[in-house]
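>>> Quick one: sequence and predicted model below, then my questions.
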Amino acid sequence: MTIICEPLNWWDLPAAHELERQLFPNDAWTAEQFWSELAQPSRTYLAAHDGGILVAYAGLSRVGSDADIQTVAVAPDQQGRGIARTMLERLLAEADSSGVTHTFLEVRADNEPARHLYARLGFEEISRRARYYADGSDAVIMRRARPEAGS
Ligand SMILES: CC(C)(COP(=O)(O)OP(=O)(O)OC[C@H]1O[C@@H](n2cnc3c(N)ncnc32)[C@H](O)[C@@H]1OP(=O)(O)O)[C@@H](O)C(=O)NCCC(=O)NCCS
């Protein structure tokens, strides 16, 4: 199967919401939040499809020279195939080339797969928010600086 990565469209939202509820059962975005995200010009969202089925999505928001990774999610049976990395590399490359100097994100301290992924993409931990989540888990704030030209 070939994974196709392209902009997330409004017609992907029901499937994205379904995947969201599966992957984030305790704090899933609502359908309204997805629509709101897609409507904002500061947002860039990508989707990955396999045989026409939505298997992943990821988004980035931008304000001036700063950006934030809004979310990244990959269907359980498609994880470990490099899909998240491919989507985030594409979002970061677009951000880098459009003047973003720093990109931030927040991740649960106990989310090892996500933290490994972000570290591979050049994100470094800059602070922690103790017991940030409802279940008492800490949040880790990570930042990535735009690579210097030529490096
Ligand atoms: C985190 C997540 C997006 C990773 O997606 P993925 O497509 O499986 O990741 P990739 O295949 O692109 O892997 C990227 C890197 O992370 C590593 N990785 C992926 N899953 C891993 C796991 N379960 N344990 C350890 N490392 C893992 C890969 O080995 C790879 O590292 P490498 O380049 O050194 O080999 C996916 O597990 C997911 O959707 N999780 C649930 C939702 C979530 O937690 N989102 C993040 C919220 S902040």
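Done, it's in. Numbering: from 1, shown residues only.
>>> Which stretches in the chain count as helices?
According to DSSP state H, the chain carries its helices in the segments 13-23, 31-39, 83-97, 112-120.
>>> For residue 70, find the nearest of these.
helix 31-39 (6.7 Å; C-beta to C-beta). In this view, the C-beta of every residue, glycine as well, is placed from N, C-alpha and C.
>>> Who are the packing partners of the closest one?
For helix 31-39, the elements it packs on are helix 13-23, strand 43-50, judged by 3 or more C-beta pairs under 8 Å, 6 or more residues apart in numbering; DSSP states H and E.
>>> and the angle for the shortest one with helix 31-39?
Yep, that's strand 43-50 we're talking about. 110 degrees (axes from the mean of the first three to the mean of the last three C-alpha atoms, to 10 degrees).
>>> anything in strand 43-50 near the ligand?
No - Strand 43-50 lies out of reach of the ligand by C-beta under 6 Å from any ligand atom, never closer than 8.7 Å.
>>> helices or strands up against that strand?
Using 3+ C-beta pairs under 8 Å, 6+ apart, strand 43-50 sits against strand 3-7, helix 31-39, strand 53-63, strand 66-74, helix 83-97.
>>> what does this structure put close to the ligand?
So far as C-beta under 6 Å from any ligand atom goes, the chain lies against the ligand at 23, 72-74, 79-85, 107, 111-114, 116-117, 120.
>>> So which bits of stretch 131-149 are buried?
Judged by neighbour count (16 or more other C-beta atoms under 10 Å), stretch 131-149 contains these buried residues: 139, 140, 142, 143, 144, 146.
>>> And stretch 92-110, by the same measure?
92, 95, 96, 100, 103, 105, 107, 109.
>>> ok, residues contacting it?
Stretch 92-110 has contacts (C-beta atoms under 8 Å, 6 or more residues apart in numbering) with 44, 60, 62, 65-69, 114-115, 118, 121, 123, 128-129, 133, 137-147.
>>> Recalculate using a threshold of 7 Å.
Under the contact criterion C-beta atoms under 7 Å, 6 or more residues apart in numbering, stretch 92-110 has outside partners 44, 60, 62, 65-69, 114-115, 118, 121, 123, 133, 137-146.
>>> now do stretch 52-68
With C-beta under 7 Å, 6+ apart, stretch 52-68 has contacts from 8, 12, 15-16, 19, 37, 42-49, 69-75, 78, 83-84, 87-88, 91, 95, 99-105.
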